[in-house]
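> quick one: sequence plus predicted model below, questions after.
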Amino acid sequence: MKGSFRTRALVLKTTDYSETSQVIRVFARDHGILDLLAKGSRRPARKSSSFHAPFDLGGWYDLNFKQRSGDLHLATEARLVEGFGHLRDDLATWLDATLSLDILRNLLTPGDPNNELLRETLQYFKLLSARRGRRRLRNRFFQTVLAASGVMPSWNHCSDCESPLAEFSVNGVSLELPAGLLCGNCRTSRGRFLIDNELLTYLRADSGRDWGLVPSWEVPQPVVLRGWEILSSLLWHHLERPPRSLRYLRV
């Protein structure tokens, strides 16, 4: 339905459209993914300007827009609420942030709002300022994305026979794509990863852990890195290919 709307939105991508304008892709509250033409956003700002500066990647904005027929709508006014400047102060942190924006840009589809995923993404960005637990926070974000996509495996039961996975901690649990986690009785030679009890316990606890507790959570680094291998394999399989920004990531 056409009309004018006001929302808040996270900028996932910016493209210079002309000397004075941008095309932006945003993740908007109550609207999901939107592609918007921001006419005049690159012009020098005046008091009467609808845009006081060009849109920044990863910025959180108050945004007014007009919905038009087709896929490209019109941004009419915007004000920066939070620029998350701390993300740019450290290269490794910025690479993590851009990877998350890349994932959202490729994962979400127009007309499918997911306010909970948006809220948790903002929480993730805020906590990256702590300069602690960057890898743990990334794993927590991946669990959030997998859950929002409906492809999160059960960390408690075998995907095939539904037996409790804890019973097979000695024999090991296998991750097979696209099946999920398989117990010692159901796993096959196609299993891509073997998951021991320590890793399974971490993944299970991480999936529901309060965001604020993640930076100070003491987890052995090898376990966190193995968790990244599991979670990233699941997400790349769902997306069908890894995002291009992954090549720059400092794991």
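Now that the structure is in, tell me what you want to look at.

> what about the chain, any weak spots by pLDDT?
Counting by pLDDT under 70, the chain has low-confidence residues at 1-2, 47-48, 168-171, 191, 250-251.

> can you list the domain ranges for it.
Following automatic domain parsing, the chain resolves into domains at 3-83, 86-248.

> let's have those domains in CSV, adding mean neighbour count.
C-beta: built from backbone N, CA, C; applies to glycine. What follows is those, written out as CSV (neighbours: other C-beta atoms under 10 Å):
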stretch, mean neighbour count
domain 3-83, 17
domain 86-248, 17
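
> any idea where the helices of the protein begin and end?
Ranges of helices in the chain, per DSSP state H, are 91-107, 115-127, 134-149, 197-207, 221-239.

> what's Phe141 in contact with, if anything?
100, 120-121, 124 (C-beta atoms under 8 Å, 6 or more residues apart in numbering).

> most widely separated two among these?
Ser100 and Glu120 (10.4 Å; C-beta to C-beta).

> quick one: the biggest strand by length in the chain to helix 115-127, angle?
In the chain, with assignment by DSSP state E, the single longest strand is strand 3-16. Going by axes from the mean of the first three to the mean of the last three C-alpha atoms, to 10 degrees, strand 3-16 is angled at 50 degrees with respect to helix 115-127.

> in terms of contact, does Leu175 touch Asp196 like I think?
No - between Leu175 and Asp196 there is no contact under C-beta atoms under 8 Å: 11.9 Å.

> which one of the helices of the chain lies nearest to Ile33?
Among those, helix 91-107 sits nearest to Ile33 (C-beta to C-beta), with 7.8 Å.

> show me the contact partners of the closest one.
10, 12-13, 25, 27, 33, 57-58, 84, 86-88, 117, 121, 124-125, 128, 131, 134, 137-138, 141, 145, 149, 235, 239, 243-246, 248-250.
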